[in-house]
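3D, please:
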Amino acid sequence: MKFISKNFVEQEIQNVGFSPDYIPIALNKHKFLSLKIYNLRAFEANILKQTALSCDCDCAIHKHAVECKVEKTDCILSGTIAQIIDVSKKLKKQPEKLCLHNISKELINQIFLYKKHSETKIMGIINLTEDSFSDGNEFLDIKIASAQVDKMILDGAKVIDVGAESTRPNADDISSQTQITRIMPLLEYIKQKFPQISVSIDTRSSIVAEYALKNGADIINDVSGLKFDRNMADTIAKFNAKVVIMHSRSTPKNMDNMCIYKNLIDEVYMELKEQCDYAKNKGVEAENIIIDVGFGFAKNFEQNIELLKRICEFKSLGYEILSGVSRKRFVQKLAQVENPKEADEMSSLIAAYLSSKGIDYIRAHNVKKTASAIKLGKIFNL
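Next up is the predicted model:
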């Protein structure tokens, strides 16, 4: 079950196989909170629809579900919060053997997640790499990197994200030992000088993760979503650490060839859910999971824009959300610039938008501009 952004309700009603002739009329009933419920058996979908109608809201189902000519259907339930609470109360009376009884509880949970609004934390980016797309080779010197950390914290960063392996398109893998050699001096510096600041380590390697966690790191940011190194989830669980599980496909070497989706939002949502469930089965606590939809990773320009428009839908998974759009190629295209650093203004504007949507963490190269944009957004209640 997940939210549906208001501008995409019509598209989602079409996707479930609703009667096309009735869509214009149905849209009048789908102007409030809309929730997509996946894979209900036809007879359960009919019960849900009748329950919704009895509560003065509506539920769009496949046009042949009424006659049970399809075995299963997705459903779009829409109504005011009060109406959906009424639906929940009525579904609670359904037999426990039906999934409708469990849907009753999940509706209340989704209302809670819908209303929840977090205070955004800025995660400053430090790349200790030779070939990162926007700042490669700038911070390999520990003195320069330390000075940049000082500046980002002064400018408002609450988390510092340190990476020693580029994950730009076509980037080569970097050995664990090289990553450790690059990361450790800066990690030690941050933990000694700024003990109140959380440190995130951007790595796909469980060896790097374990070394960093032993030395004070707080978060592991794995752009592979725990798929690159099968020991990563065990390592996270061992240290009871926070982890960023990002949606991606394949590796940076060929991810640009993996931008093929039948339904972008559903597929990213379900693939993220699968990796989060995998992490929990490995012993990672749910409250330690942060999700990232993976802007720029196996997504083209149009797909990145759609993810931005529908980012709130991922709150339905129930985890904190991190977004990393800073200086990405699609942001450069929006800003009509070729130099990644010239995209800082557009990156900061998008950060203000994401903050207005209650996104928990925003990764940024230029912390000062990002913090200013977020502050201005709050003043004008964006």
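
show me the contacts for the most centrally placed residue in the chain.
Nearest residue to the geometric centre of the chain (Cα atoms, centre = their mean): D292, 3.3 Å. D292 makes contacts with V223, V244, I245, M246, H247, I321, L322, S323, G324, as judged by Cβ atoms under 8 Å, 6 or more residues apart in numbering. In short, each C-beta sits where N, CA and C put it, glycine included.

Tally up the residues packed near the last one, please.
G324 has 26 neighbours, counted by other Cβ atoms under 10 Å.

ok, now the fourth one?
By other Cβ under 10 Å, the residues close to M246 number 25.

Report how many residues lie close to the closest residue in space to N254 that isn't next to it in sequence.
Spatial nearest neighbour of N254, excluding adjacent residues (Cβ to Cβ, 6 or more residues apart in numbering): N170 at 8.0 Å. The tally of other residues near N170 (other Cβ under 10 Å) stands at 12.

Could you pull out the strands in the stretch 51-200 of the chain for me?
With strands called from DSSP state E, counting those that start in this stretch, the stretch 51-200 of the chain shows them at 58-60, 72-79, 121-127, 159-163, 198-202.

And these: which comes nearest A26?
A26 lies closest to strand 58-60 among these, at 6.0 Å (Cβ to Cβ).

K121 contacts V159, correct?
Yes: contact criterion Cβ atoms under 8 Å: K121 and V159 qualify, at 5.9 Å.

So for these two, which residue has more residues nearby?
Taking neighbours as other Cβ under 10 Å, K121 and V159 compare with V159 leading, 23 against 17.

List the buried residues in stretch 222-234.
Within stretch 222-234, the residues that count as buried by 16 or more other Cβ atoms under 10 Å are D222, V223, S224, G225, L226, K227, F228, D229, M232, A233.

Please apply the same query to stretch 118-125.
T120, K121, I122, M123, G124, I125.

For the residue nearest to the centre of the chain, give its distance to F8.
Per Cβ to Cβ, to the nearest Å, D292 is found 21 Å from F8.

What of I291?
Distance from I291 to F8, by Cβ to Cβ: 20 Å.

what does D86 give?
25 Å.

Let me see the contact set for I23.
I23 sits next to E10, I13, Q14 when contact means Cβ under 8 Å, 6+ apart.

in a strand, that's where the first one is, yeah?
Looking back up the chat, that one is E10. No: the assignment for E10, made by DSSP: H, G, I helix; E, B strand; the rest coil, is helix rather than a strand.

what number of residues lie near the closest residue to it other than its chain neighbours?
Closest residue in space to E10, ignoring its immediate chain neighbours: L27 at 5.9 Å, by Cβ to Cβ, 6+ apart. Using other Cβ under 10 Å, L27 is surrounded by 15 other residues.

So L27 sits against Q11, correct?
No: using Cβ under 8 Å, L27 makes no contact with Q11, being 11.1 Å away.

which residues do the two both contact?
Common neighbours of L27 and Q11 (Cβ under 8 Å, 6+ apart) do not exist.

outside of stretch 25-41, which residues touch it?
With Cβ under 8 Å, 6+ apart, stretch 25-41 has contacts from 1-4, 6, 9-10, 12-13, 18, 48, 57-58, 60-61, 71-81, 83-84, 99, 103, 107, 110-111, 114, 316.

Reformat the strands of the stretch 51-200 of the chain as JSON lines; add mean pLDDT.
Formatted as JSON lines, the strands of the stretch 51-200 of the chain follow (pLDDT from 0 to 100):
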{"stretch": "strand 58-60", "mean pLDDT": "95"}
{"stretch": "strand 72-79", "mean pLDDT": "96"}
{"stretch": "strand 121-127", "mean pLDDT": "96"}
{"stretch": "strand 159-163", "mean pLDDT": "97"}
{"stretch": "strand 198-202", "mean pLDDT": "98"}
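
could you dump these to TSV with distance to K262?
As requested, these are exported to TSV (distance: least, Cβ to Cβ, whole Å):
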stretch	distance to K262
strand 58-60	20
strand 72-79	14
strand 121-127	32
strand 159-163	32
strand 198-202	30
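
where's the residue of the chain positioned farthest from its centre relative to T73, distance?
Going by Cα atoms, centre = their mean, the residue of the chain most distant from its centre is E67, 37.8 Å out. Separation of E67 from T73 (Cβ to Cβ): 12 Å.

Quick one: neighbours of the nearest residue to I311 once chain neighbours are set aside, just the number.
Of all residues not flanking I311 in the chain, K357 sits nearest, at 5.8 Å (Cβ to Cβ, 6+ apart). By other Cβ under 10 Å, the residues close to K357 number 16.

Surely K357 touches F314?
No: between K357 and F314 there is no contact under Cβ under 8 Å: 10.1 Å.

buried set for stretch 272-281?
Buried, per 16+ other Cβ under 10 Å, within stretch 272-281: L272, K273, Q275, C276, Y278, A279.

average pLDDT for it?
Stretch 272-281 carries an average pLDDT of 98.

what's in contact with that stretch?
Residues contacting stretch 272-281 (Cβ under 8 Å, 6+ apart): 225-227, 233, 236-237, 243, 245, 247, 286, 289, 291, 293, 314, 317, 319.

One more: stretch 255-264?
By Cβ under 8 Å, 6+ apart, stretch 255-264 touches 15, 169-170, 248-250, 267-268, 297-300, 303, 306-307.

what's near enough to touch L48?
I37, L40, C59, I61, C75, L77, V87, L91, L100, I103.

And for I245?
I245 neighbours (Cβ under 8 Å, 6+ apart): D222, G225, L226, L272, Q275, C276, A279, I289, I290, I291, D292.
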